[in-house]
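# A structural model of the following input is requested.
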Amino acid sequence: MEKFLIVGLGNVGIMYENTRHNVGFWVLDTLVKIHSSSFTSERLGAIAQLNFKGKRFILLKPATYMNLSGKALDYWMRKEKIPLECLFIIIDDIHLDFGVLRIRSKGSDGGHNGLKSIQEILGTSFYTRLRFGIGNAFPKGKQVDHVLGAWREEELSKLTQRLAKAAEAILSFGLVGLQQTMDRFNGQ
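Numbering: from 1, shown residues only. From the prediction side, this is the model:
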(Lines give C-alpha, C1' and ligand atoms only; values in the text may rest on other atoms or scores of the structure.)
Protein backbone atom coordinates (compact mmCIF):
# COMPACT_ATOMS: atom_id res chain seq x y z
CA MET A 1 0.00 0.00 0.00
CA GLU A 2 1.42 3.40 -0.98
CA LYS A 3 2.05 5.60 2.08
CA PHE A 4 2.03 9.36 2.48
CA LEU A 5 3.29 11.42 5.41
CA ILE A 6 1.08 14.45 5.95
CA VAL A 7 2.56 16.94 8.40
CA GLY A 8 0.45 19.78 9.79
CA LEU A 9 2.62 22.39 11.45
CA GLY A 10 1.71 24.11 14.69
CA ASN A 11 2.72 24.54 18.30
CA VAL A 12 1.63 22.27 21.13
CA GLY A 13 0.09 23.63 24.31
CA ILE A 14 -3.04 25.40 25.44
CA MET A 15 -1.65 28.88 24.79
CA TYR A 16 -1.23 28.10 21.05
CA GLU A 17 -4.24 25.85 20.54
CA ASN A 18 -6.58 28.37 18.88
CA THR A 19 -4.01 30.46 17.05
CA ARG A 20 -3.67 31.03 13.32
CA HIS A 21 -0.17 29.54 13.44
CA ASN A 22 -1.77 26.18 14.29
CA VAL A 23 -3.84 25.93 11.13
CA GLY A 24 -1.76 22.89 10.07
CA PHE A 25 -2.99 21.07 13.17
CA TRP A 26 -6.56 22.24 12.49
CA VAL A 27 -6.51 20.85 8.93
CA LEU A 28 -5.37 17.43 10.19
CA ASP A 29 -7.94 17.48 12.98
CA THR A 30 -10.60 18.14 10.35
CA LEU A 31 -9.46 15.25 8.17
CA VAL A 32 -9.39 12.88 11.16
CA LYS A 33 -12.86 13.97 12.26
CA ILE A 34 -14.33 13.49 8.75
CA HIS A 35 -12.94 9.95 8.66
CA SER A 36 -13.81 9.04 12.26
CA SER A 37 -10.21 8.42 13.26
CA SER A 38 -8.17 9.79 16.15
CA PHE A 39 -4.68 10.85 17.13
CA THR A 40 -2.46 9.04 19.59
CA SER A 41 0.62 10.45 21.29
CA GLU A 42 3.71 8.90 19.76
CA ARG A 43 7.36 9.78 19.62
CA LEU A 44 7.82 13.48 18.75
CA GLY A 45 4.17 14.08 17.96
CA ALA A 46 0.57 13.00 17.62
CA ILE A 47 -0.11 10.41 14.89
CA ALA A 48 -3.27 9.28 13.11
CA GLN A 49 -3.53 6.86 10.21
CA LEU A 50 -6.17 6.77 7.51
CA ASN A 51 -6.56 4.13 4.85
CA PHE A 52 -8.46 5.60 1.93
CA LYS A 53 -9.01 4.05 -1.50
CA GLY A 54 -5.94 1.83 -1.26
CA LYS A 55 -3.62 4.54 0.11
CA ARG A 56 -2.32 5.03 3.64
CA PHE A 57 -2.13 8.55 5.02
CA ILE A 58 0.03 8.97 8.11
CA LEU A 59 -0.90 12.28 9.75
CA LEU A 60 1.63 13.95 12.02
CA LYS A 61 1.22 16.90 14.36
CA PRO A 62 4.79 17.48 15.59
CA ALA A 63 5.23 18.01 19.33
CA THR A 64 8.59 19.71 18.77
CA TYR A 65 7.15 23.23 18.35
CA MET A 66 7.20 25.04 15.04
CA ASN A 67 10.90 25.93 14.98
CA LEU A 68 11.96 22.27 15.30
CA SER A 69 9.30 20.67 13.08
CA GLY A 70 11.99 19.07 10.93
CA LYS A 71 13.08 16.83 13.81
CA ALA A 72 9.70 15.09 14.07
CA LEU A 73 9.29 14.95 10.30
CA ASP A 74 12.71 13.33 9.89
CA TYR A 75 11.96 10.67 12.50
CA TRP A 76 8.62 9.68 10.96
CA MET A 77 9.89 9.77 7.37
CA ARG A 78 12.65 7.33 8.34
CA LYS A 79 10.46 5.14 10.55
CA GLU A 80 7.74 4.78 7.90
CA LYS A 81 10.18 4.80 4.94
CA ILE A 82 8.37 7.68 3.23
CA PRO A 83 9.96 8.95 0.01
CA LEU A 84 10.21 12.72 -0.46
CA GLU A 85 7.56 12.69 -3.21
CA CYS A 86 5.04 11.29 -0.70
CA LEU A 87 5.56 14.10 1.82
CA PHE A 88 2.94 16.84 2.21
CA ILE A 89 3.33 19.79 4.61
CA ILE A 90 0.55 22.15 5.75
CA ILE A 91 1.42 25.61 7.03
CA ASP A 92 -0.10 29.02 7.67
CA ASP A 93 0.77 31.87 5.29
CA ILE A 94 0.33 35.58 5.97
CA HIS A 95 0.96 36.40 2.31
CA LEU A 96 -2.33 34.76 1.26
CA ASP A 97 -5.79 36.08 2.00
CA PHE A 98 -7.73 34.23 4.67
CA GLY A 99 -8.65 30.69 3.61
CA VAL A 100 -6.90 30.75 0.22
CA LEU A 101 -5.01 27.52 -0.54
CA ARG A 102 -1.76 27.35 -2.48
CA ILE A 103 -0.03 24.05 -3.17
CA ARG A 104 3.53 23.94 -4.52
CA SER A 105 6.15 21.26 -5.11
CA LYS A 106 9.05 23.51 -4.19
CA GLY A 107 9.84 26.97 -2.92
CA SER A 108 11.57 29.04 -0.32
CA ASP A 109 10.69 28.96 3.35
CA GLY A 110 9.19 32.45 2.92
CA GLY A 111 10.37 33.35 6.42
CA HIS A 112 8.32 30.54 7.96
CA ASN A 113 10.33 28.97 10.80
CA GLY A 114 8.66 25.57 10.43
CA LEU A 115 9.69 25.38 6.78
CA LYS A 116 13.21 26.57 7.65
CA SER A 117 13.55 23.64 10.05
CA ILE A 118 12.20 21.18 7.49
CA GLN A 119 14.45 22.44 4.71
CA GLU A 120 17.50 22.18 6.97
CA ILE A 121 16.67 18.56 7.76
CA LEU A 122 15.74 17.55 4.22
CA GLY A 123 18.58 19.51 2.59
CA THR A 124 16.21 20.59 -0.18
CA SER A 125 13.29 22.90 -0.89
CA PHE A 126 11.72 20.35 -3.27
CA TYR A 127 8.83 18.95 -1.27
CA THR A 128 5.09 19.52 -1.46
CA ARG A 129 3.51 22.09 0.79
CA LEU A 130 0.03 23.52 1.18
CA ARG A 131 -0.01 27.10 2.31
CA PHE A 132 -3.26 28.06 4.06
CA GLY A 133 -3.87 31.80 3.97
CA ILE A 134 -4.33 33.52 7.31
CA GLY A 135 -4.26 37.03 5.84
CA ASN A 136 -2.18 40.03 6.77
CA ALA A 137 -4.75 42.31 8.39
CA PHE A 138 -2.44 43.55 11.12
CA PRO A 139 -0.72 46.85 11.87
CA LYS A 140 2.95 47.30 11.03
CA GLY A 141 5.14 45.52 13.58
CA LYS A 142 2.31 43.28 14.81
CA GLN A 143 2.94 40.22 12.64
CA VAL A 144 3.74 37.95 15.59
CA ASP A 145 0.59 39.06 17.41
CA HIS A 146 -1.46 38.24 14.31
CA VAL A 147 0.12 34.85 13.65
CA LEU A 148 -0.06 33.81 17.31
CA GLY A 149 -3.45 35.43 17.77
CA ALA A 150 -6.86 33.78 17.90
CA TRP A 151 -9.13 33.69 14.86
CA ARG A 152 -11.55 36.61 14.57
CA GLU A 153 -15.30 35.87 14.72
CA GLU A 154 -15.78 36.53 10.99
CA GLU A 155 -12.90 34.12 10.20
CA LEU A 156 -14.30 31.40 12.44
CA SER A 157 -17.64 31.51 10.62
CA LYS A 158 -15.87 30.55 7.36
CA LEU A 159 -13.07 28.41 8.78
CA THR A 160 -14.86 25.05 8.89
CA GLN A 161 -15.50 25.09 5.14
CA ARG A 162 -11.91 26.19 4.36
CA LEU A 163 -10.44 23.47 6.60
CA ALA A 164 -12.59 20.84 4.87
CA LYS A 165 -11.34 22.06 1.48
CA ALA A 166 -7.71 21.72 2.65
CA ALA A 167 -8.45 18.22 3.99
CA GLU A 168 -9.92 17.32 0.61
CA ALA A 169 -6.70 18.54 -1.07
CA ILE A 170 -4.65 16.13 1.07
CA LEU A 171 -6.61 13.13 -0.14
CA SER A 172 -6.47 14.40 -3.71
CA PHE A 173 -2.66 14.57 -3.49
CA GLY A 174 -2.51 10.89 -2.57
CA LEU A 175 -5.13 9.75 -5.06
CA VAL A 176 -4.52 11.75 -8.25
CA GLY A 177 -1.12 13.32 -7.69
CA LEU A 178 0.36 16.76 -7.30
CA GLN A 179 -0.39 18.38 -10.66
CA GLN A 180 -4.11 17.58 -10.70
CA THR A 181 -4.36 18.61 -7.06
CA MET A 182 -2.69 21.96 -7.76
CA ASP A 183 -4.94 22.51 -10.79
CA ARG A 184 -8.05 21.83 -8.71
CA PHE A 185 -7.28 23.54 -5.41
CA ASN A 186 -4.84 26.41 -5.98
CA GLY A 187 -6.40 29.79 -5.44
CA GLN A 188 -9.57 28.38 -3.88
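# and the host helix or strand of V144, what's buried?
Secondary structure assigned from DSSP states H and E places V144 in helix 143-147. Buried residues in helix 143-147, counted by 16 or more other Cβ atoms under 10 Å: 146-147. Quick note: C-beta positions are derived from backbone N, CA and C, even for glycine.
# stretch 16-29 now?
By neighbour count with 16+ other Cβ under 10 Å, stretch 16-29 contains the buried residues 19-29.
# residue contacts, P62?
Residues in contact with P62 (Cβ atoms under 8 Å, 6 or more residues apart in numbering) are 7, 9-10, 44-45, 68-69, 71-73.
# next, give phi and psi for it.
Main-chain torsions, P62, degrees, to the nearest 10: phi -60, psi 140.
# let me see the mean pLDDT of the helix ranked longest in the chain.
Counting by DSSP state H, the longest helix found in the chain is helix 153-176. Across helix 153-176, pLDDT averages out at 95.
# repeat that for stretch 10-25.
If you average the pLDDT over stretch 10-25, you get 93.
# now do that stretch: distance from first to last residue.
With Cα to Cα, to the nearest Å as the measure, stretch 10-25 spans 6 Å from end to end.
# closest to the centroid, which residue in the chain?
Nearest residue to the geometric centre of the chain (Cα atoms, centre = their mean): I90, 1.8 Å.
# is it true that it lies in a helix?
No: residue state for I90 (DSSP: H, G, I helix; E, B strand; the rest coil) corresponds to strand; a helix is not indicated.
# surely it touches G10?
No: using Cβ atoms under 8 Å, I90 is not in contact with G10; the gap is 9.1 Å.
# between those two, which contacts overlap?
By Cβ under 8 Å, 6+ apart, I90 and G10 have these common neighbours: 23-24.
# find the nearest non-adjacent residue to G54, please.
Leaving aside its sequence neighbours, G54 sits nearest to M1 (Cβ to Cβ, 6 or more residues apart in numbering; 6.5 Å).
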